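Chemist: Structure, please.
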Amino acid sequence: MATPITAPRAGATPLPHPAAAQASPRLSAAALPVRERTVRQARTPVRPGSRLREAVQRVQADPANPGAVADLMAGLAWTAAAGETCLLTRPVADVRHAIAAIAAADTASARAALDHAVAGLLDAPALPLPRPATAFERRSI
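Modeler: Prediction:
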C-alpha cells in the first residue's frame, strides 16, 4: 500500500528494478579505454626577480609618474615574498635607491638607478634545475 510519501509523483519515470541492471552484459577488456602514458616536459629554469623586472621596466619609461613608487614597492614585495631578495642584492639596492631618488624628485638619478637594476636583473643567473646523478653518484647509492 502506497502512502502519500511513498507514492510515485505524477509524471515521474519509475526507477528500473535492480535485477534488470544485473542482466546487462559486462564490458569486455577490449571495450575499456586505454590510459596512455604521459611524458612530462623538462621544466624551464626559473629567472629570479621576474616581477621586480616587470615593475622596473614599467617605471623606467616615466619615473615621475605618481604610481612609480607604488609599482617599485610592489615589485620589491613580490621579490621578498618569493625569497629572492638574497639572490638579487645589487638590483634590490638599486631599486631602493631609485625609490629614494623619486621621492627627492631626482628623475635623472632614479632613471640611472633603474637602468642599473634592469642590467643586474638581466644578468641574474637562472635558478638551477636538478641535474641527473653522475655515474659515480649512482654507484654510491
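
Chemist: just for the protein, where's the confidence low?
Modeler: Applying pLDDT under 70 to the predicted model, the residue ranges of the chain that meet it are 1-35, 37-45, 128-141.

Chemist: Touching the lengthiest helix in it from outside, list them.
Modeler: Criterion DSSP state H: the longest helix present in the chain is helix 107-123. Applying CB atoms under 8 Å, 6 or more residues apart in numbering, the contact partners of helix 107-123 are 49, 52-53, 56-57, 59-60, 63-64, 88, 90-91, 94-95, 97-98, 101-102. C-beta coordinates here come from the backbone N, C-alpha and C atoms, glycine included.

Chemist: how about a cut-off of 10 Å?
Modeler: Under the contact criterion CB atoms under 10 Å, 6 or more residues apart in numbering, helix 107-123 has outside partners 47-50, 52-57, 59-64, 68-69, 72, 75, 79, 88-104, 106.

Chemist: Tell me the buried residues in the stretch of helix or strand Gln60 belongs to?
Modeler: Here Gln60 sits within helix 50-61, counting by DSSP states H and E. Neighbour-count burial for helix 50-61, with 16 or more other CB atoms under 10 Å as criterion, is recorded at Ser50, Arg51, Leu52, Arg53, Ala55, Val56, Val59, Gln60.
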